[in-house]
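Visitor: return a 3D structure for these sequence lines:
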Amino acid sequence: MPLAAQPVGWDPAEWELEDSEFEPEDGWHFGVLENGMRYIVRRNDRPEGTALVRMEVAAGSLDEREDERGFAHFVEHMAFNGSTNVPEGEMIRLLEREGLAFGADTNASTGFERTQYKLDLPRADPDLLDTALMLMRETVGELTFAEAAVEREKGVILSERRVRNTYALQNTLDGLEFAYPEARAARRLPIGAIETLEAADAESLRAFWQREYVPSDTVLVVVGDFDPAVVEAKIRAAFAGWQASPSPDQPAAGPVDPDSAGKTDIYLDPALPETITLMRHAPFVDRPDTRAERFEALLRSVGARIMARRIQRLTRQEDPPLRAAQFGSSDFFEAARTSQLVVVSEDGEWREGLTAAVAEYRHALEYGFSEAEVAEQVANIRAALENAAANAATRSNASLVGQAFRIARGEAVPDSPADTLARFEEQVEAITADRVLAAMRADAIALDEPLIRYTGKNAPAGGEQALRSSVETAFAMAVEPGQAAETEEFAYSDFGEAGTIVADTREDAFGIRTVRFANGVMLNLKQTDLEDDRVWVRLNLDGGKMLETRADPLAVELAPLLPAGGLGRHSRDELQTILAGRSVGISFGAGDETFVASAVTTPRDLELQLHYFAASLVDPGYRPEGLGPWRASLDDFFARLGQTPASALAEGLGPILSDSDPRFTRQPIEAYRALDYAGLRAAIADRLASGAIEIGIVGDIDEDAVIAAVAETFGALPPREATFRGYSGERRTRSFTADRSPRTLTHSGELDQALVRLVWPTTDDDDWALTSRLTLLERVARLALTEKLREELGQTYSPSADSNQSRVYDDYGTFSIQAEVDVGQVEAGRQAMIETVEALASGGIDDDLLERARRPLIEALDNRLKSNTVWLGLVDRAQSRPEDVERFLQAKERQLTITPDELTALARTYLVPTAAVTVTVLPEQAN
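Guide: Okay, the predicted model is just below:
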C-alpha cells in the first residue's frame, strides 16, 4: 500500500489544533476548499477494494432554537427525501442499485453538536465514488423540502421518537435536568420535542438547513482503496461550486454552576436498578494536545483502571456488597467538568453498596496504589500498544475514519501506533504509584456536599434525608490501607505427551488445512494476511443446547458463566492478574449443537491461549463467587422484561410459536435462582471430558507452529469421541403451533407504543436453493414494507422482515415481518403489512425491486473473504461439516439465478395471510 512521505496539506491552524505538539502520521491528505469546506483523505486497503465516505456538518440539536427542537434530526431524514437532482424516494433506490443496503451501508446520525452522513462503498469504483460525492453534495446544498415529503417523513420521525421513548430515555432526561438544570443540552436531546416536530413544515426546516449547513462547518472524510489524488480532485469538482456562507455560532451547551451542591433527586421506575450517583462540577479545562498532557492522561488512565479493578474484585464475591461501581471525571461538552461516583446495588441494599464504594474511592485517593497494581495496568497498556503497532499496516477503514474525526473536531492529532508505543516506552519508568496518585488527585473534583441522585424501583426508606445522612456517614468512616495481592505463575503448562497426527490434508477450494490427532481432536487452519498480528481461535465442543430437554430446559443456562468460576488452581481474579499484559481470554457459551469457546489473540500469545482453553476444559474451577454477580442481577433482569413492546414480544413469542415448550419459554425467576455450578457440572462434565472437539484457527499464523501448540495441549488429552453426536428425537424437534388465532401480548411502557408481528412456518435449511430464495425474499419484503409503511404511509420508523431456517431442528423455519406503530394505528398497520405480502404473492416483485434487494447481497457475498470472522466461520467446522465449503462457493450463483417469478411463487406458497400467527403487543392499560 503506497504511502506519502509525510502528511499532505497539513496545517494545524485549519483544524484548530495549533496547540498540538504532534503531526499526523504518513498517508493522510488534508485540504480546504476556497468556500471553507475541509476534507481528509487516506488510502487504505482493509477491507481491500472498499471505502468509507463520511460527511459531518457541525449542526446538531444544540443549534436549534426553542421552536426548532428536533429539527437537526428532521433535516437528516429529509436528506433522503428529494433534492434538485434526485427525486424524492430515489436516493435510497439509487444506492440499492449500486449495492448499498439502507441502514447497513447507507445511514446518518444526529447528535448534540453534529450530523454525520455515512456511505459504505462495497467497491472502490470511481463511478460509485462520484455517485457518493454527488449525493453528499445534494445533501448540503440541493435539498428541496417538498411539503408533502415533509408531512410523510413527520410520521416516521414521530414513530422513531415514540419507539425510543422508553424508561431508559426518560431516566436520561431526568438525570440531565437534575445534574445540569440550566444547561441548554439538558433541553436539547436530538430526538426533539413532540410539539415542535408536529409544527415543523417545509419552510421552517429549510430555514434551519440553510442557516446551519454551510461549507466552513462541513468536513468530508474518505478512507479506502483509492488514489488520494483522484479522490481530492473529485471532491473539488463536486463541492467547489457550493457557495460560502457565514458560519453561525453554536450556542454553548451550558451554563453549569460549579458551586451547585447539596441537592438530591429520587427518580423511580419499575425497570431501573437501584443506583446512587454522587457528583460535583467544576469549570471546563481546555487541555492542550501536548506530550506532557498526554502523559498526565496516561497516569490518570492507570489510576482509573486500578480503581475499576478494585471494584471488580468486590463484585466478584459470592455475596457481593454491590453490583457495580464507577468513579471518573469527564467533560460535559465545554461547559463543565464533572466527577461522579456511581454505585449500583441489589434492591434494598443501597446503603451497603454505597458504603463499600465510598470506602474504595477514599482508599484510592487517600492511600493511593501499590506498585504491583500499577505494574499490572502498565503491562495491559503496553500489550494494547504493542498490538496496535503490530497491526498498523492492516488497520480497518473504520478505525482510520475514527482517527480522522478526532482531527476534524479539533480534539487531538493521532500519531502513528509505532510512535505512540515508542513514547510510552520512553515514559514508562516515570509511571510510578506516587505520580499516578498525584494525577488522580489533581483531576478529581472533591465530592463534598455532593449532588445525590437515586434511581430504583422503590423509594429509599427515609427518603432524601436518609440518602444524605448515609453519604455523610460513609465519608466519615475510617479507611485503612489495603494489602497487595501476590502474583502467581500460570499453573497449566503440561497436559501430557504431545498428540500424534493421524491425518493431515488440505481442502482444494480454499486451502484450509485439516488435521486430526490420534485422540480424536480435529484442527482446521487457514493463514490469512487480512490482519497483521491477529489470530482468531474458536473451539467447538459437542453438546450445547442439545443437552436441554423439556424436563430440564435450563441444563446449560450457566454455561456462559463457566469462565467466571475460574480454574481449579486459579480464581478468575487471580487469572486476570496472571495474564496481565498477554492477549489471552475466553468467551464460552452454549450454541445450538456445541459449546463454543472463542478468543482473539496474537501469534506470540497463541500458545498460552491454547493452554488456557485446555485448562478450562480439563480443570474448571466452579468457584461459587463466579455466580455472585449473576445472581445479584436476576431481579433487575426480570424487572425489565416486558417494559417495551420489543421486550414483551421477545418473551412471549417463543411460548406462542412452540405451544409453551419449556426449551423456548422463559422460566420463572425461582428456577434461575435454584441454578448452581453443581448442576452445570453434572450436565456438562461428560462433554468436557470426552465430547468431540473441533478447533478452527485463522489469521497471522505459522501453520506448523500452531499444529505443534495444539498437539501439546488438546492433542495430549485423553481420547475423545471422534465425531459430534447426532442427537435425535425430542432434541431435534421444534414444533410450530397449529393455532392460528390472533394473539395479544402486553407491555408496561408508554401508552402510545404498539407492535405487530406476523410469523409463518417455513422449513429447515437442507435445501440450499430454497434457503437462498427465502433469504432474497426476506430482503425484498423488507424493501416493500419500508416503501409501504415508512415512505408511503409514514406509520413506522423501521419495519423489518426475517427469514430464519434452522439447521438444527428438522423441518423448522420461520418467516416474519414486524412493525412498531402507534397504538391507534395497529389495525391500519396490520392491514398494510398484509397488503404488502399479498402484493408480493400476486406479481408485485418487478426486476427493479429484485435487483435493489439482491445487489447489496451480491456485494456482501463478493466481500465475504475480506474478513477473518467470515474465514473463521468457514474454517471452524471444516471437518465435521465439509459441505459448508461447497454451499459457500455456490451462494452467489444461486442468488444470481433467482427470478421474480420464483420469489412470487415462494411468497404465494409461504406468505398466506391466514396461515400466519399474528401477534399484537399493546400497552397494559389499553388492553
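Visitor: for D319, see how far away Q483 is.
Guide: For Q483, the distance to D319 (CB to CB, to the nearest Å) stands at 21 Å. For the C-beta atoms, the positions are set from N, CA and C on the backbone; glycine is no exception.
Visitor: revised request: answer the last question for I306.
Guide: Distance from I306 to D319, by CB to CB: 24 Å.
Visitor: give the buried residues for stretch 701-711.
Guide: Of all the residues in stretch 701-711, those buried under the rule 16 or more other CB atoms under 10 Å are I701, E703, V706, I707, A709, V710, A711.
Visitor: quick check: the last one vs L525, distance?
Guide: The gap separating A711 from L525 is 13 Å, by CB to CB.
Visitor: quick one: which of I306 and D319 has more around it?
Guide: For I306 versus D319, the count of surrounding residues by other CB atoms under 10 Å is larger for I306: 22 against 10.
Visitor: what's near enough to touch that one?
Guide: A364, F369, E373, V374, E376, Q377, V436 (CB atoms under 8 Å, 6 or more residues apart in numbering).
Visitor: could you dump these into a markdown table with secondary structure and neighbour count added?
Guide: Shown next, in a markdown table, are the contacts of I306 (DSSP: H, G, I helix; E, B strand; the rest coil; neighbours: other CB atoms under 10 Å):
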| residue | secondary structure | neighbour count |
| --- | --- | --- |
| A364 | helix | 25 |
| F369 | coil | 25 |
| E373 | helix | 24 |
| V374 | helix | 23 |
| E376 | helix | 23 |
| Q377 | helix | 22 |
| V436 | helix | 27 |
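Visitor: how about those residues, which pair is most distant?
Guide: A364 and E376 (14.9 Å; CB to CB).
Visitor: what residues of the biggest helix by length in the chain count as buried?
Guide: With secondary structure taken from DSSP state H, the chain has its longest helix at helix 291-315. The neighbour-count check on helix 291-315 (16+ other CB under 10 Å) flags 294-296, 298-300, 302-307, 309-311, 314-315 as buried.
Visitor: same deal with stretch 82-102?
Guide: So for stretch 82-102, counting by 16+ other CB under 10 Å, buried means 82-83, 86, 88-89, 91-96, 98-102.
Visitor: check the gap between T665 and R550 for me.
Guide: Here the criterion is CB to CB. By it, T665 lies 10 Å from R550.
Visitor: ok, those two, which is more surrounded?
Guide: T665 (15 against 9).
Visitor: leaving out sequence neighbours, find the closest residue to that one.
Guide: Among residues not flanking T665 along the chain, P655 sits closest, at 4.4 Å (CB to CB, 6 or more residues apart in numbering).
Visitor: would you say that neighbour is within a helix?
Guide: Yes: assessed with DSSP: H, G, I helix; E, B strand; the rest coil, P655 lies in a helix.
Visitor: count residues in the vicinity of it, would you?
Guide: Neighbours around P655, by other CB under 10 Å: 17.
Visitor: that one contacts F664, correct?
Guide: Yes: with contacts defined as CB atoms under 8 Å, P655 counts as touching F664 at a distance of 7.0 Å.
Visitor: how about the helices in the stretch 251-400 of the chain?
Guide: 291-315, 350-367, 371-390, 397-408 (DSSP state H, counting those that start in this stretch).
Visitor: what's the closest of those helices to P761?
Guide: When those are compared by CB to CB, helix 397-408 sits nearest P761, at 38.5 Å.
Visitor: mind listing what's buried along the helix or strand that the closest one is followed by?
Guide: Where DSSP states H and E defines the elements, the next helix or strand beyond helix 397-408 is helix 417-427. Buried positions in helix 417-427, judged by neighbour count with 16+ other CB under 10 Å: P417, T420, L421, R423, F424.
Visitor: so which of those residues is the closest to M136?
Guide: P417 (29.8 Å).
Visitor: would you mark the buried spots in stretch 161-169?
Guide: R161, R162, V163, N165, T166, Y167.
Visitor: what of stretch 399-407?
Guide: Under the neighbour-count criterion of 16+ other CB under 10 Å, stretch 399-407 has L400, V401, Q403, A404, F405, I407 buried.
Visitor: can you list the neighbours in contact with that stretch?
Guide: By CB under 8 Å, 6+ apart, the surrounding residues in contact with stretch 399-407 are 15, 17, 24, 28, 40, 42, 44, 52, 54, 56, 219, 221, 223, 412-414.
Visitor: and the buried residues of stretch 701-711 as TSV, adding distance to A476 and pLDDT?
Guide: Shown next, in TSV, are the buried residues of stretch 701-711 (distance: CB to CB, whole Å; pLDDT from 0 to 100):
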residue	distance to A476	pLDDT
I701	58	98
E703	63	98
V706	58	98
I707	62	98
A709	55	98
V710	57	98
A711	61	98
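Visitor: identify those among the residues you listed that sit within helices.
Guide: E703, V706, I707, A709, V710, A711.
Visitor: let's have those in JSON lines, adding distance to A722.
Guide: JSON lines is the format used below for these (distance: CB to CB, whole Å):
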{"residue": "E703", "distance to A722": "23"}
{"residue": "V706", "distance to A722": "21"}
{"residue": "I707", "distance to A722": "19"}
{"residue": "A709", "distance to A722": "22"}
{"residue": "V710", "distance to A722": "16"}
{"residue": "A711", "distance to A722": "17"}
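Visitor: on the three-state scheme, I697 is what?
Guide: Assignment for I697 (three-state DSSP): strand.
Visitor: list the contacts of it.
Guide: L523, N524, L525, K526, V535, W536, V537, R538, L606, V706, V710, V875.
Visitor: in strands, which of these fall?
Guide: L523, N524, L525, K526, V535, W536, V537, R538 (DSSP state E).
Visitor: of those residues, which is the most crowded?
Guide: For those, neighbours tallied by other CB under 10 Å; top is L523, 29 neighbours.
Visitor: surely that one meets F517?
Guide: Yes: with contact defined as CB under 8 Å, L523 counts as touching F517 (7.3 Å).
Visitor: shared neighbours of those two, anything?
Guide: Between them, L523 and F517 share the contacting residues V710, F714, judged by CB under 8 Å, 6+ apart.
Visitor: so where do the strands sit in the stretch 751-900 of the chain?
Guide: For the stretch 751-900 of the chain, applying DSSP state E, counting those that start in this stretch gives strands covering 753-761, 800-805, 813-822.
Visitor: can you give me the pLDDT of G482?
Guide: Turning to G482, the model gives it a pLDDT of 74.
Visitor: residue contacts, it?
Guide: For G482, the contact set (CB under 8 Å, 6+ apart) comprises H363, Y367.
Visitor: ok now stretch 544-552, how far from the chain's centre?
Guide: Relative to its chain's centre, stretch 544-552 lies at 29 Å (CA atoms, centre = their mean, to the nearest Å).
Visitor: tell me the buried residues in that stretch?
Guide: By neighbour count with 16+ other CB under 10 Å, stretch 544-552 contains the buried residues G544, K545, M546, L547, E548.
Visitor: and the fourth one, how far from P620?
Guide: When you say that, I think you mean L547. 16 Å.
Visitor: of the buried residues of helix 417-427, closest to R779?
Guide: Once CB to CB is applied, the member of the buried residues of helix 417-427 that ends up nearest R779 is P417, at 38.5 Å.
Visitor: residues contacting that closest one?
Guide: Applying CB under 8 Å, 6+ apart, the residues near P417 are L385, A388, A389, N391, A392.
Visitor: so what pLDDT did it get?
Guide: Reading off the model, P417 has pLDDT 98.
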